[in-house]
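Asker: Could you look at this predicted model? Sequence included:
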Amino acid sequence: MESMRLALSEDQAKALLAGTWGRMQDRDRQILTFLLQTGLKINELVRLNVGDVYTGSRVRKSITICNGSGKKERRIPLGPQAQDAVRHLLEFNRSFGARLESDEPFVISRQRNKRDGSMRITSRQVQRIVKTLREDASLGFKATPQTLRHTFARTLLDQGTDLRTVQKILGHRSIKTTRDLYGTEKAG
């Protein structure tokens, strides 16, 4: 097996998403799509509530992510594919009997969380989803949820987004971190 790569190619991302089918797997595909379209860290995804992505009448055009101390925020735009993933995930929640109240978890599990009794998906469950789909896609290297984050960043840069904007969206404190990961070139 090849060593871990930083980002997926477009074909590899499609192969990863193609491995999903059925009710739970449709949810899984929407989770991966949302991660690929937002560059969120897993812990940021699992902490999202319905109100973070949905006003009660429409899907939001951006989300605000706060760091652990709540002092620093960053806004992440939700493009059409991310908004579509939100709609699908909310419909999944509704079909599963979950309430769409603003304080309810955005991404739910099919079983109750042992820690708090909620239906909130855990970081470990998301890691397992990515692992299963990675193995089904036979990518030849270890793609992780962090790989999806790198793929998002690489896609932005390939589309001509400047490094400083990518830094802000990803929440890197220093431009040096972003530059070290992705270089100064706009395309890779």
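Answerer: Received it, and whenever you're ready, just let me know what you need.
Asker: Could I get the buried residue list for stretch 147-162?
Answerer: 147-157 (16 or more other CB atoms under 10 Å). Glycine gets a C-beta too; all of them are placed from N, C-alpha and C.
Asker: Centre of the chain to the helix or strand of the chain with the lowest mean pLDDT, how far?
Answerer: Least confident helix or strand of the chain, by mean pLDDT, DSSP states H and E, is helix 10-18 with a mean of 83. With CA atoms, centre = their mean, to the nearest Å as the basis, helix 10-18 stands 15 Å off its chain's centre.
Asker: Likewise for stretch 130-148?
Answerer: Using CA atoms, centre = their mean, the offset of stretch 130-148 from its chain centre is 14 Å.
Asker: coming back round to it: rebuild the buried residues of stretch 147-162 as TSV, extending it with secondary structure.
Answerer: Shown next, in TSV, are those (DSSP: H, G, I helix; E, B strand; the rest coil):
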residue	secondary structure
T147	helix
L148	helix
R149	helix
H150	helix
T151	helix
F152	helix
A153	helix
R154	helix
T155	helix
L156	helix
L157	helix
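Asker: Nearest to N93, out of these: which one, please.
Answerer: The closest of the buried residues of stretch 147-162 to N93 turns out to be L148 (CB to CB; 21.3 Å).
Asker: That closest one reaches T33, doesn't it?
Answerer: No - taking contacts as CB atoms under 8 Å, L148 lies outside contact range of T33: 9.6 Å.
Asker: relative to helix 10-18, how tilted is the strand or helix carrying D136?
Answerer: Secondary structure assignment for D136, by DSSP states H and E: helix 123-137. Orientation note: helix 123-137 sits at an angle of 110 degrees relative to helix 10-18 (axes from the mean of the first three to the mean of the last three CA atoms, to 10 degrees).
Asker: what's the residue nearest the centre of the chain sitting at in phi/psi?
Answerer: Nearest to the mean C-alpha position of the chain, by CA atoms, centre = their mean, lies L35 at 1.7 Å. In terms of degrees, to the nearest 10, the main-chain angles of L35 are phi -60, psi -40.
Asker: if I look at L133, how far off is Y182?
Answerer: Between L133 and Y182 the computed distance is 24 Å (CB to CB, to the nearest Å).
Asker: now for the least confident helix or strand of the chain, which elements pack on it?
Answerer: Judged by 3 or more CB pairs under 8 Å, 6 or more residues apart in numbering; DSSP states H and E, helix 10-18 is in contact with helix 22-38, helix 123-137.
Asker: Fine by me, thanks again.
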